[in-house]
Each structure stands twice: as structure tokens, then as C-alpha cells.
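Peer 1: Curious how this folds, go ahead:
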Amino acid sequence: MTAVICATGPSFKPFDVPPCRGFRVIAVNNAWQDMLYADVLYACDYLWWRQYIDIVKKAFKGALWTQDRSAAERWPVLNHVKHHAGEGLSLKMLNTNGNSGMGAINLAYLFGARRILLVGFDMKLGPHGERHYHSDHPKPLVQNQVFDEWIHKGHKLAKDLKAANCEVINCTPGSALQCFPMSTLEAELA
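Peer 2: Numbers count the residues shown, from 1 in each chain. Just a heads-up that it's a prediction; the model follows:
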């Protein structure tokens, strides 16, 4: 199975990702707002869910997933995946690897994907200092981004995925996450 994971980096353009028949589409955090056709919405953080759960429940028809047990207990509409905050790939539970995008890669693997295409995985600020393709989250949601840490953890994840015979291709133009082979979404979906 192929999964397309759409994160919210500054380069992400929702119209770049057509509804992918035969592919599982996973929207990360706010990417769902422009991708109502996604199969899955995944977000790690309790505070993110607290901020957005009401609007998500009204508008998004796909499956909702989190690794945050407290969020899943508070909002039963959320599916919960067991996790630990480790690095690399976990074959039985989810490693978050520091952020929702990296956690979504492990989730896609747990769903059975053995080919994963990444978009919106910039791992750097945009040309005008923007953190996401959308406006900043309201306070108190975390605004700090530790790109160097996430990139470091990405190397371990990439090594583990390769050992597990899972192909991951970064289709994010200009991405600082260079541990996966680079391509374009158009080429990979052709």
C-alpha cells in the first residue's frame, strides 16, 4: 500500500495533492482543512485537539488518530495508537520522533504502507519566516520548532524504514529533510 502524508510545512499547497484513489492520504494537523477528502487526520498533541476538535468533528469525515491517551479519553471520537517518545521506527506502536509529521510516518507503516510519499515536510522556515503554510496556531499551542532535532531523528527513522523494506520518498521541494530520496509528487503518482 502507498500512503501520501501531507504535513503543514510552508511549501505545502493543498492543490498539489489530488484525491488519491488507491492511496491512503494522511493529513497532519491543520492540513485537513484543505484536504477534507483525506482518509486520516493525525495529530499528536492534546492542546492541538483541544483547540480544533469541535470544528474537526463537524467537517472532517475521515478517521481521527492521536497518540495522546488523554485526548482520546476526553474525546472518544479519536482513535488512539499506543506510543512512546522514542526515535526511529516502531513495529508495534508509534514512535513520535518529535512531531506529528514524523509520527504520521510511523502510523502509515503500522497501517500497512510500504511506500510513503511526503509533502509539506520542509523542516525549515519558509522564505518569509513562516512556520507553516497556514497562519500560526493561536496561543497556547507550541510555536517553537526544533528542526535540527527533528532532522536528526529523521535519519534514524529513515534507516529503520529502509531495514523494514519500506520506501519513503520526500516530495517536498527544497526540504531540509534529506535522509529520504527526493522526487516530486507528480512523478511518484504517475
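
Peer 1: Let me know the secondary structure of the residue nearest to Ala113 when sequence neighbours are not counted.
Peer 2: Nearest residue to Ala113, sequence neighbours excluded (Cβ to Cβ, 6 or more residues apart in numbering): Ala3, at 3.8 Å. (Glycine included, C-beta is placed from N, CA and C.) Local secondary structure at Ala3 is given as strand here, using DSSP: H, G, I helix; E, B strand; the rest coil.

Peer 1: quick one: contacts for Ala3?
Peer 2: 23-26, 108, 111, 113, 115-117 (Cβ atoms under 8 Å, 6 or more residues apart in numbering).

Peer 1: Buried among these? Need that as a selection in ChimeraX.
Peer 2: To isolate the buried ones among the contacts of Ala3 in ChimeraX, judged by 16 or more other Cβ atoms under 10 Å, type:
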select :23,24,25,26,108,111,113,116,117
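
Peer 1: Looking at the contacts of Ala3, which are in strands?
Peer 2: The strands, defined by DSSP state E, take in 23-26, 115-117 from those.

Peer 1: between these, which is nearest His128?
Peer 2: Using Cβ to Cβ, Leu117 comes nearest to His128 of these, at 26.4 Å.

Peer 1: doesn't Val4 make contact with that closest one?
Peer 2: Yes - between Leu117 and Val4 there is a contact under Cβ atoms under 8 Å: 4.8 Å.

Peer 1: Contacts only, for the most centrally placed residue in the chain.
Peer 2: With distances taken as Cα atoms, centre = their mean, the residue of the chain nearest its centroid is Gly101 (2.9 Å). When contacts are counted by Cβ under 8 Å, 6+ apart, Gly101 is found next to 5, 7-8, 28, 118, 120-121.

Peer 1: Okay, now the unreliable bits of the protein?
Peer 2: When residues are selected by pLDDT under 70, those of the chain lie in 15-21, 133, 137, 141-143.

Peer 1: where along this structure do the strands fall?
Peer 2: With strands called from DSSP E, the chain shows them at 2-6, 23-28, 40-42, 63-66, 79-80, 83-84, 94-95, 115-119, 167-170.

Peer 1: So which residues make contact with the last one?
Peer 2: Outside of strand 167-170, the residues within contact range by Cβ under 8 Å, 6+ apart are 105, 114-118, 121, 158, 161, 177-178, 180-183, 188.
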